[in-house]
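Enquirer: generate a structure from the sequence data that follows.
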Amino acid sequence: MLSEPEFKTRIVQLILDARTDQALEELADHYNVTVPKLKIGLPRGHKINTLGCYETRNETVSVLNGETFRNPSVVIHEFYHHLRTDITRKHLGSEKKAREFAQNFIEAYNKMSSRV
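Expert: Residues are numbered from 1 along each chain as shown. This next block holds a predicted model:
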């Protein structure tokens, strides 16, 4: 069993290694939620500067492109929205909390990486 910092570091590393599907599976298992679908390409109507989004109606994390597919900040941020969506498909989280959630993973990764 991994410690929390080790788990967070593993998730970031999986995403950096383009194993984003596996990272989402492990996140879902860790937080005891369904695994969101993952799609490269944003749904119609999103701003051109948007890197990712979470679609509650089909439980999908969408990322802009292949580069964003390997961006832990974006993927973990969007997973947070999946985590905070309730059974009625109402989103209960905030953008600020999603940023903080993702940043916490990045900080754990940076601390663990600096020890090596």
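
Enquirer: packing partners for the longest helix anywhere in the chain?
Expert: Secondary structure of the chain per DSSP state H: the longest helix is helix 95-115. Using 3 or more CB pairs under 8 Å, 6 or more residues apart in numbering; DSSP states H and E, the elements in contact with helix 95-115 are helix 4-16, helix 72-83. Using the backbone N, CA and C atoms, a C-beta is placed for each residue, glycine as well.

Enquirer: what comes into contact with it?
Expert: Helix 95-115 has contacts (CB atoms under 8 Å, 6 or more residues apart in numbering) with 4-6, 8-9, 11-13, 72-74, 76-78, 80-81, 83-84.

Enquirer: next, name the residue at the spatial heart of the protein.
Expert: Taking CA atoms, centre = their mean, the centroid of the chain lies closest to residue 76, which sits 2.1 Å from it.

Enquirer: quick one, what contacts that residue?
Expert: Contacts of residue 76 (CB under 8 Å, 6+ apart): 11-12, 15, 27, 101-102, 105-106.

Enquirer: 6 Å instead?
Expert: Residues counted as contacts of residue 76 (CB atoms under 6 Å, 6 or more residues apart in numbering) are 102, 105.

Enquirer: tell me the confidence at it?
Expert: pLDDT recorded at residue 76 is 98.

Enquirer: for residue 25, see how far away it is.
Expert: Residue 76 sits 14 Å away from residue 25, going by CB to CB, to the nearest Å.

Enquirer: please apply the same query to residue 114.
Expert: Taking CB to CB, one finds residue 114 at 27 Å from residue 25.

Enquirer: the two: which is more packed in?
Expert: For residue 114 versus residue 25, neighbours defined as other CB atoms under 10 Å are more numerous around residue 25 (15 against 7).

Enquirer: pretty sure the more buried one contacts residue 34?
Expert: No: using CB atoms under 6 Å, residue 25 makes no contact with residue 34, being 10.4 Å away.
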